[in-house]
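Visitor: I need the structure of the sequence given here:
(chains A and B)
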Amino acid sequence: MSLVNPLAASTTPEYKETVVGVADLQVVSGASALLTTYALGSCLGITLYDSHRKIGGMLHVMLPDSKPHSGQDRIAMFLDLGLPELLARTKQAGGREGGMECKVFGGAQVMSADKFFRIGDRNAEACREWAAKLNLRVTVWEIGGHVNRTIKFYLDTGKVSVRTPSQPLFWR
Amino acid sequence: MNEILPLQLVCELARSIPCAPWLLPKLMDLLSKPEQTEAKDIQALITKDPGLTTAVLRMANSAYFSKSVRCETVADAVLRIGFRPVYRIAASSIASRWLVNQPSGYGWEPQDLYKHSLCVAIASEALAKETGKVSTELAYTAGLLHDVGKLALAHACADQFERVRQYQLEKNISWRQAEHDTLGYDHTDVGGVLMEQWGYPTNLIQVGCFYPRPRLAGAENRPLVTHIHAGKHLATSLGFGVGEDGFHTELDEALLQETGITEELLEKILPAVILNTEKQIGIVGSSTESGKN
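Guide: Next up is the predicted model:
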């Protein structure tokens, strides 16, 4: 799908959009590439970006730990498998280890869930742990709160737009 | 800003929403007495609605449901793939063409209400299967229809939503409570009245009225309402079609525990809920064109 960056005023580049589904990861390259994932909820949307080579990846992950789900083979469903895979595939595409920037979005929490099934918090905690293990340089933690986030990652600038219901779009 | 409409008028205005799902309770009634129901009874009911007949046949013959032999009639579909799958197809088809015609409100994107309702239906059904405490088919249907009141409220009162939004932010309360304090009623009140007017059975009406506060449901229907309450929590956490109200919800953790719905159980079913929701959104999404009216 071709889209126009709403921030670009005089020159309006067209983007080639790749949608990242739930429990999915995609790696793309080129300044005209755009990665989108919808309705993060308590899931996390994690981006990796090599600004010099214009290579970027995105993971939409649902659960922190694969161990209780041994029958599941969709690795992008679990942070402990999905994040190392995102890093490996971005490097395979040419991203330089140590030269990449990581951003993390999502991890929302239902307002009244004091203790019960706080999956957003658990995802965020696991992400901090795995980002440290993998030596990722995380520059944005746009996480938590009581809000559904849709994100778009533009590879020309590395900027990510964040849209929440009935609120103005903002950039991170 | 316009005046706040009385509850009865909100429900009156909901009559102009396309295709109220009046067929579903009648189909559920047939499903509840399989020994007395024949394929031709189901065909007679479904073929009252030509759009639904087409949608059922198309979906019954899709790769997801179809076996090797093609279904030419609704009765064929019942005989070859069974009443429950046909019921499932009909319920999803009715709800899809009804819910995708959503008005603006709640910060919804197109089809959000349908996607969210489908995820609640699938999560509630999966929980019912695990606990064995309520009928899986009933849990699915109730999940699909639990938010009918929101559809009507968004249809009639969209101009009041800014007031609700401000009040909710100011008081940091649930969105439902903010609706109630601002309008004098909330989407569950509207849902209950609508379902009653459509002749729905008591168990579904209780879901529409009490799913955010399942303790208020009658003892007989409380397990069903609690399963929808839990399914809603799971679907909201996943984010499918969640609007601006979505994460400002109520949760009765103690009742969930009492009903045997634990965190471990929710986490166990979560991967299957995601995969089935995506699959069904894909199937129904491709068939809604013919189903619109």
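
Visitor: OK, now which residue of chain B is nearest to chain A?
Guide: Proximity of chain B to chain A (CB to the nearest CB) peaks at B:Gly239, 2.3 Å away. From N, CA and C alone the C-beta is placed, and that goes for glycine too.

Visitor: Check the secondary structure at the closest residue to that residue other than its chain neighbours for me.
Guide: Of all residues not flanking B:Gly239 in the chain, A:Gly41 sits nearest, at 2.3 Å (CB to CB, 6 or more residues apart in numbering or on different chains). What DSSP: H, G, I helix; E, B strand; the rest coil gives for A:Gly41 is coil.

Visitor: Pretty sure B:Arg222 sits against B:Pro214.
Guide: Yes - under the criterion of CB atoms under 8 Å, B:Arg222 makes contact with B:Pro214 at 6.0 Å.

Visitor: ok, these two, which is more surrounded?
Guide: A side-by-side neighbour count of B:Arg222 and B:Pro214, using other CB atoms under 10 Å in any protein chain shown, places B:Pro214 first with 24 against 20.

Visitor: Tell me how far that one lies from B:Ala14.
Guide: Using CB to CB, to the nearest Å, B:Pro214 is found at 24 Å from B:Ala14.

Visitor: same deal with A:Leu134?
Guide: For A:Leu134, the distance to B:Ala14 equals 52 Å [CB to CB].

Visitor: Also A:Val110?
Guide: Computed as CB to CB, the A:Val110 to B:Ala14 distance reads 28 Å.

Visitor: Leaving out sequence neighbours, find the closest residue to B:Ser93.
Guide: Leaving aside its chain neighbours, B:Ser93 sits nearest to B:Ala55 (4.1 Å; criterion: CB to CB, 6+ apart).

Visitor: What is the neighbour count of whatever residue of chain A ends up closest to chain B?
Guide: Relative to chain B, the nearest point of chain A is A:Gly41 (2.3 Å; CB to the nearest CB). Neighbourhood size, A:Gly41 [other CB under 10 Å]: 28.

Visitor: contacting residues for it?
Guide: Applying CB atoms under 8 Å, 6 or more residues apart in numbering or on different chains, we find A:Gly41 in contact with A:Gly106, A:Ala108, A:Gly120, A:Asn148, B:Thr236, B:Ser237, B:Leu238, B:Gly239, B:Phe240, B:Val242.

Visitor: make it 7 Å
Guide: Residues near A:Gly41 by CB atoms under 7 Å, 6 or more residues apart in numbering or on different chains: A:Gly106, A:Ala108, A:Asn148, B:Ser237, B:Leu238, B:Gly239, B:Val242.

Visitor: middle-most residue in chain B, spatially?
Guide: Taking CA atoms, centre = their mean, the centroid of chain B lies closest to B:Leu144, which sits 1.8 Å from it.

Visitor: Check whether that residue really touches B:Lys115, as I assumed.
Guide: No - with contact defined as CB atoms under 7 Å, B:Leu144 does not reach B:Lys115; the gap is 11.5 Å.

Visitor: Please name the spatially closest residue to A:Arg53 (chain neighbours excluded).
Guide: Of all residues not flanking A:Arg53 in the chain, A:Gly94 sits nearest, at 5.3 Å (CB to CB, 6+ apart).

Visitor: so how far is A:Val27 from that neighbour?
Guide: In this view, A:Gly94 and A:Val27 are 10 Å apart by CB to CB.

Visitor: Of these two, which one has the most company?
Guide: More crowded of A:Gly94 and A:Val27, by other CB under 10 Å: A:Val27, with 23 against 13.

Visitor: Surely the more buried one is in a strand?
Guide: Yes - counting by three-state DSSP, one finds A:Val27 located in a strand.

Visitor: Please report the distance of it from A:Met58.
Guide: Using CB to CB, we find A:Val27 at a distance of 8 Å from A:Met58.

Visitor: go on, B:Ile42?
Guide: With distances taken as CB to CB, B:Ile42 is found 45 Å from A:Met58.

Visitor: More neighbours: which of those two?
Guide: A:Met58 (28 against 23).

Visitor: now the helix or strand hosting the residue nearest to the centre of chain B, how far from the chain's geometric center?
Guide: B:Leu144 belongs to helix B:136-145 when assigned by DSSP states H and E. Its chain's C-alpha centre and that of helix B:136-145 lie 7 Å apart, by CA atoms, centre = their mean, to the nearest Å.

Visitor: what does the stretch 51-200 of chain B put close to chain A?
Guide: Taking CB under 7 Å from any CB of the partner chain, the part of the stretch 51-200 of chain B that reaches chain A is made up of B:Gly107, B:Arg165, B:Ser174.

Visitor: end to end, how far does stretch A:105-116 reach?
Guide: Stretch A:105-116 has an end-to-end distance of 22 Å (criterion: CA to CA, to the nearest Å).

Visitor: same question, stretch B:93-107
Guide: Using CA to CA, the end-to-end distance of stretch B:93-107 comes out at 24 Å.

Visitor: Might one say that A:Arg163 is in contact with A:Trp171?
Guide: No - using CB under 7 Å, A:Arg163 is not in contact with A:Trp171; the gap is 10.6 Å.

Visitor: more crowded one of the two?
Guide: The neighbour comparison of A:Arg163 against A:Trp171 (other CB under 10 Å) goes to A:Arg163, with 16 against 12.

Visitor: In contact with that one, which residues are there?
Guide: Contacts for A:Arg163 (CB under 7 Å, 6+ apart) come out as A:Thr150, A:Leu169.

Visitor: Just the mean pLDDT for stretch B:179-198, thanks.
Guide: The average pLDDT for stretch B:179-198 rounds to 92.

Visitor: Okay, and the residue nearest to B:Ser93 sits in which element?
Guide: For B:Ala55, the host element (DSSP H and E) is helix B:50-60.

Visitor: ok, residues contacting the next helix or strand after that helix?
Guide: Toward the C-terminal end, the helix or strand that comes next after helix B:50-60 (DSSP H and E) is helix B:74-81. Here helix B:74-81 makes contact (CB under 7 Å, 6+ apart) with B:39-40, B:42-43, B:46-47, B:53, B:56-57, B:60, B:65, B:67, B:69, B:71, B:86.
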